[in-house]
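S.K.: here's my sequence, what's the structure:
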Amino acid sequence: MDLILQIWGGSFYLANKICFAVAEGAKRDSQRRLKMAGWAVYLLGVPAWVLILLLKSDWIAASIEAGGIPAMVLGLYNVYTHCQRPNRYLDAFASFCTYAFILVGVGYSLYDYRGITSLSQVLEIGATVGFLMGSYLLAQGRVSGWLFFMLMNASMGSLMGYQGKPILAIQQALSLCFVVYGLFSALRMQRLQKSLPEEKVF
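M.R.: I've put the predicted structure just below:
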């Protein structure tokens with residue numbers, strides 16, 4: 001069961017990063033299809049990650065993973081509707097969930113461990129902040145989301161390796177490669193679009 005969940009969660013999250021990274025340098029129509037596919041597979045990968053964490057009794061981490069769903073829905077909605085400005089209610093809800101779960105997750109970790117006392121705790125905090133902020137910022141079409149995804153992949157990959165989950169550790173390493181590619185592609189496209197600052201592509 002654990003192996004199936006690792007393959008499920010790992011492959012879907014990797015597919016998300018591949019779609020997002022390739023979309024950054026794609027033409028408009030292809031970009032939209034790739035980003036829609038990316039957000040969809042991202043959502044489909046959440047249950048596996050939540051189950052993996054619940055089976056290890058990582059309740060806070062599991063709830064934080066689920067807390068990223070509103071940002072994923074926001075991203076899918078923005079791409080599907082060609083939205084220049086996010087739906088304010090959905091954006092407000094996604095924003096609230098993002099910051100609330102960061103505060104809850106990091107705050108509980110500091111309370112439970114009486115401060116920062118272990119490497120795994122640092123990695124969990126890094127993965128938490130990176131996952132939630134990366135998802136939310138990319139849902140808004142902001143390039144800075146890639147930087148948080150880099151933090152997430154590096155932290156989660158190290159944590160999975162530390163906890164003896166090699167499949168997920170390898171998946172996170174591969175995802176990090178695509179995230180770096182996506183960041184540079186997004187920066188290149190941003191420079192090319194400086195003449196059209198009012199146009200935001202999700």
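
S.K.: where does pLDDT dip in the chain?
M.R.: Residue ranges of the chain with pLDDT under 70: 57, 83-86, 195-202.

S.K.: please repeat the previous calculation with a cut-off of 50.
M.R.: Scanning the chain for pLDDT under 50 picks out the ranges 199, 201-202.

S.K.: mind jotting down where the helices sit in it?
M.R.: Applying DSSP state H to the chain gives helices spanning 2-24, 28-55, 59-67, 69-80, 88-113, 119-139, 144-162, 166-192.

S.K.: and the longest one with helix 2-24, angle?
M.R.: Direction vectors for helix 28-55 and helix 2-24, defined by axes from the mean of the first three to the mean of the last three C-alpha atoms, to 10 degrees, enclose an angle of 160 degrees.

S.K.: before we move on, what about the last one?
M.R.: On the basis of the same axes, to 10 degrees, helix 166-192 is oriented at 10 degrees to helix 2-24.

S.K.: for helix 166-192, buried residues please.
M.R.: Across helix 166-192, burial judged by 16 or more other C-beta atoms under 10 Å covers 167-176, 178-179, 181-183, 185-186, 189. C-beta coordinates here come from the backbone N, C-alpha and C atoms, glycine included.

S.K.: what does the longest one give?
M.R.: Buried residues in helix 28-55, defined by neighbour count with 16+ other C-beta under 10 Å: 31-32, 34-46, 48-53.

S.K.: counting contacts, what elements does that helix pack onto?
M.R.: Secondary-structure packing of helix 28-55 (3 or more C-beta pairs under 8 Å, 6 or more residues apart in numbering; DSSP states H and E): helix 2-24, helix 59-67, helix 69-80.

S.K.: which strands or helices does the second one pack on?
M.R.: With contacts defined as 3+ C-beta pairs under 8 Å, 6+ apart, helix 59-67 has these neighbours: helix 28-55, helix 88-113, helix 119-139.

S.K.: got the contact list for it?
M.R.: 46, 49-50, 53-54, 97-98, 100-102, 104-105, 108-109, 124, 128, 131-132 (C-beta atoms under 8 Å, 6 or more residues apart in numbering).

S.K.: show the buried residues in those residues.
M.R.: 46, 49-50, 53, 97-98, 101-102, 105, 109, 124, 128, 131-132.

S.K.: between these, which is nearest I4?
M.R.: Each of the buried ones among the contacts of helix 59-67 was scored against I4 by C-beta to C-beta, and W49 proved nearest at 12.9 Å.

S.K.: does the closest one touch S11 like I think?
M.R.: No - taking contacts as C-beta atoms under 8 Å, W49 lies outside contact range of S11: 11.7 Å.

S.K.: gap between the nearest residue to Q31 once chain neighbours are set aside and L183?
M.R.: Using C-beta to C-beta, 6 or more residues apart in numbering and skipping the chain neighbours, the partner closest in space to Q31 is A23 (4.7 Å). In this view, A23 and L183 are 13 Å apart by C-beta to C-beta, to the nearest Å.
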